[in-house]
Structures are given as C-alpha cells and as structure tokens.
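>>> Build me a model from this:
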Amino acid sequence: MPKERFISYPGCESAEDKGPVYGWAGWNHLQQAQALAALYQKRKTEETWDKERLTPVLAGVLELLPWVKQWHNEPSEEFGGLRLGDYIEEFVDSECHGLGLTREDLRGWRPAERKGRKKKG
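Here you go, the predicted structure:
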C-alpha cells in the first residue's frame with residue numbers, strides 16, 4: 001500500500017469544526033496556490049475572518065507565486081487563455097491592497113511564538 005503524504009495548514013481551521021486543514025502533497029504549485037486562494041476566499045466571505053487571520057493564508061499564496069509563474073504561466077485553455085500565474089499575482093496584490101498590506105508585509109509575517117512548558121534542568 002503506498003504511503004500518502006499531506007501538507008498541513010495550521011491556523012486555517014474553521015471556527016465551526018476546528019479540524020485541521022490538509023492538502024495533498026502531490027499537488028503542484030499551481031494546485032496548492034489555487035487551494036489556498038479558495039480557502040482564503042471562503043474564510044474571508046463565509047467566516048468574515050479579520051486581517052490578522054487572513055494574512056498568513058495570503059502569505060502562503062505569495063510564497064507559491066514564483067513557482068506558479070515559472071512553471072504554470074502559459075495561457076490556459078481551461079480558463080479562456082488566462083495566464084494563471086498572472087491571475088494569482090493580481091489576486092495577491094488586490095487582497096493586499098484590501099487588507100492594507102504590502103508584499104513585504106506578507107513576506108515578513110511570522111507566526112506568534114508558542115508558549116510551552118519550561119525545560120527541566
């Protein structure tokens with residue numbers, strides 16, 4: 001039996017079910033970006049997430065952008081000749097503008113430090 005691998009997206013859990021969010025590790029960069037962008041839109045519109053909760057999801061899309069543009073930016077027949085790398089880039093820039101962020105803000109985003117138990121010793 002083959003072993004499946006998955007990508008975990010911590011912090012993307014729904015407020016309703018609080019279950020972890022996973023993607024398939026076999027997705028290419030475009031598929032990962034599309035999945036994250038769709039999740040971003042869902043959390044933004046259906047759960048009305050605020051800027052702080054949306055920022056890391058959008059940062060994840062931006063992180064994939066160089067590979068999407070490099071490997072998946074040819075005109076797509078499925079999407080009427082649209083270059084999906086360019087489309088995702090416009091999506092990121094538009095959402096950054098709406099949130100009052102820059103690409104540099106997204107690149108600089110880091111998760112808050114977790115407070116754990118103190119080491120014995």
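>>> so how far is stretch 100-108 from its chain's centroid?
Computed by C-alpha atoms, centre = their mean, to the nearest Å, the chain-centroid distance of stretch 100-108 equals 14 Å.
>>> Export only the CA atoms of that stretch, formatted as CSV.
Taking C-alpha atoms only, stretch 100-108 is exported to CSV below (Å, rounded to 0.1, in the frame of the first residue of the first chain):
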residue,chain,number,x,y,z
GLY,A,100,-3.7,47.5,3.8
LEU,A,101,-0.7,45.3,3.4
THR,A,102,2.3,45.1,1.0
ARG,A,103,4.0,42.0,-0.4
GLU,A,104,6.9,42.8,2.0
ASP,A,105,4.4,42.7,4.9
LEU,A,106,3.4,39.2,3.8
ARG,A,107,7.0,38.1,3.3
GLY,A,108,7.8,39.3,6.8
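>>> pLDDT below threshold where in the protein?
For the chain, applying pLDDT under 70 flags the ranges 1-2, 116-121.
>>> Show me which residues of stretch 98-118 are buried.
Judged by neighbour count using 16 or more other C-beta atoms under 10 Å, the buried positions of stretch 98-118 are 99, 101, 106, 109. (Each C-beta comes from the backbone N, C-alpha and C, glycine too.)
>>> Would you mind stating the distance between residue 21 and residue 102?
For residue 21, the distance to residue 102 equals 26 Å [C-beta to C-beta, to the nearest Å].
>>> again, but for residue 64
18 Å.
>>> cool, and residue 47?
Residue 47 is 25 Å from residue 102, by C-beta to C-beta.
>>> Please, where are all the strands along this structure?
Applying DSSP state E to the chain gives strands spanning 6-8, 22-24, 75-76, 82-83.
>>> The first one - contacts with which helices or strands?
Contacts defined by 3 or more C-beta pairs under 8 Å, 6 or more residues apart in numbering; DSSP states H and E place strand 6-8 against strand 22-24.
>>> got the buried residues for the strand it packs on?
So strand 22-24, judged by 16+ other C-beta under 10 Å, has buried residues residue 23.
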